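> Starting from these lines, generate the structure:
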Amino acid sequence: MGRATLIGFSAVAMWALLALLTDASGAVPPFLLSAITFTIGTGVGLVARLFMPATAGSEKIPPQVWLIGIAGLFGYHFFYFTALRNAPAVEASLIAYLWPLLIVLGSALMPGERLAWNHVVGALLGLAGTFLIVTKGGGIAFDARYAFGYAMAGVCAVLWSSYSLLSRRFPSVPTSIVTWFCAATAALSLVCHLMLEETVLPVGAGQWLPVGAAFYAWDIGVKRGNIQVLGAASYGAPLLSTLVLISAGFAASAALALSAIGDALLSRDGEKAFVGGLASFLVAHGLYIALFLRSGEGGGLLSAEPWRAAIAGAMAVFALAMLLALWRRVGPALRLPISVYIATIFAMGISALTLSNLWVVGGAVLFMASDGLLAAEKFLLSAISPHRDWTRRAVWMLYYAAQMAITMGFLLG
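I've put the predicted structure just below:
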């Protein structure tokens, strides 16, 4: 599986956190959540632009690209929320989740693409698995009274699959354009919120960073990856989402296991091993985020205890400094994976601050420090630097201290 396909699937993995984050947000209305998420997505793109090399001239973006991008991002969410307002959630969700199958089937119409039987079978099996997860093994009953809601869910599926497929027709359009798609979607979502909903603000938004960053990863996947594999693999999102929601009992063990795999990969030389280790730790941090949010007391602690807000601010400065330092020192192929990883570990740190357990908070801080030193040792220090020896030792000392602190926090808490 190619790197672009893996990057695309990382978006699916990040979207798997959506159910948990929505559950943690309480009574915050959907269009407001959409506005917040896409505002964060816009911020991710704007920060990335600060570190991108300057181009000789601005390339003109075809008008249809703007239509495809904004209609895809905003239209999907608008029609999905409309469907949920006008039909039972189970049936509406199943219809909306036809989009991976439509991507696989629609790819046959794309120039240079070949649709194999295993792609179709994989997508159908994924749809069947989604049916079992959403219905919890029970049945469904489509009622004619909810025909409008079902139709809206169908439009939603067609819009997202069309956005994904049509984006592939414009491979030369840079992924940075997603910044403005997110900005337009945030603005339109806010208008819908003000017109249709009552305002209930969330207690915190930093943990939404991975979801906001996912749209950039998806753009790379659908433009440069294997779109049939990506479409079929997208049916893993409901399963991952379900596992995240029930993972509080074993998330720490799974995160430790994934961290061990990441250790083994990072101990090897080469870019492939580094990307594999990065991916393993990315999933581990996602599990930690799920565990911390499920066990925490909400973002209110950040404002109730000033020292937590101060640490959150320091984490933000640290994450931005890491991104700034690494952007010009790594190759273009590593910039997006590293940016996503930095956003995720920042979200992990913020989510840890919602716990009253100081062991876990300390472990999260040590984890971020370990990753910072690892990045410096891998990319910033020269091969003959005298600091390499002590930084390498410090990375592992901080890392094991972090894992021990988090584990002790939950064992003692």
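> first vs last residue of stretch 83-100, how far apart are they?
Length of stretch 83-100, first residue to last, Cα to Cα, to the nearest Å: 18 Å.
> Is residue 255 inside a helix or a strand, and which specific one?
Assigned by DSSP states H and E, residue 255 belongs to helix 251-266.
> ok, then the element right after that helix?
Per DSSP H and E, helix 251-266 leads on to helix 271-295 as the next helix or strand towards the C-terminus.
> tell me the mean pLDDT over the helix or strand that that next one is followed by?
Downstream of helix 271-295, the first helix or strand assigned by DSSP H and E is helix 300-304. Averaged across helix 300-304, pLDDT comes to 77.
> Equivalent analysis for stretch 73-87, please.
For stretch 73-87, the mean pLDDT works out to 86.
> ok, and for it, which residues are buried?
73-84, 86-87 (16 or more other Cβ atoms under 10 Å). Any C-beta I mention is one placed from the backbone N, CA and C, and that applies to glycine too.
> mind listing which of those are in helices?
73-84, 86 (DSSP state H).
> can you list the weak-confidence ranges in the stretch 51-200 of the chain?
Along the stretch 51-200 of the chain, segments meeting pLDDT under 70 span 51-59, 111-141.
> try it again with 50
Where the stretch 51-200 of the chain drops to pLDDT under 50, the residues are 56-57.
> Identify, from the ones in helices among the buried residues of stretch 73-87, the entry nearest to residue 174.
Nearest to residue 174, judged by Cβ to Cβ, of these is residue 73 at 16.4 Å.
> and the nearest residue to that closest one once chain neighbours are set aside, how many neighbours?
Among residues not flanking residue 73 along the chain, residue 185 sits closest, at 4.4 Å (Cβ to Cβ, 6 or more residues apart in numbering). Other residues within reach of residue 185, judged by other Cβ atoms under 10 Å, total 29.
> elements contacting the host helix or strand of residue 185?
Assigned by DSSP H and E, residue 185 belongs to helix 178-196. If you count contacts as 3 or more Cβ pairs under 8 Å, 6 or more residues apart in numbering; DSSP states H and E, helix 178-196 packs onto helix 30-51, helix 63-86, helix 209-224.
> deepest of the ones you listed, which one?
Looking across the helices and strands packed on helix 178-196 with neighbours counted as mean count of other Cβ atoms under 10 Å, the highest average goes to helix 209-224: a mean of 25.
> So which of the ones in helices among the buried residues of stretch 73-87 is the closest to residue 34?
Nearest member of these to residue 34, counting by Cβ to Cβ, is residue 77, at 4.9 Å.
> who touches the residue nearest to residue 71 when sequence neighbours are not counted in this structure?
In space, and not counting its chain neighbours, residue 71 is closest to residue 159: 6.4 Å by Cβ to Cβ, 6+ apart. By Cβ atoms under 8 Å, 6 or more residues apart in numbering, residue 159 lies in contact with 71, 72, 75, 76, 79.
> For residue 159, give its distance to residue 299.
Here residue 159 is placed at a distance of 32 Å from residue 299 (Cβ to Cβ, to the nearest Å).
> coming back round to it: buried sites along the helix holding residue 185?
For helix 178-196, the neighbour count (16+ other Cβ under 10 Å) marks 178-190, 192-193 as buried.
> For the stretch 301-413 of the chain, give me the ranges with low pLDDT.
By pLDDT under 50, the stretch 301-413 of the chain has no low-scoring segment.
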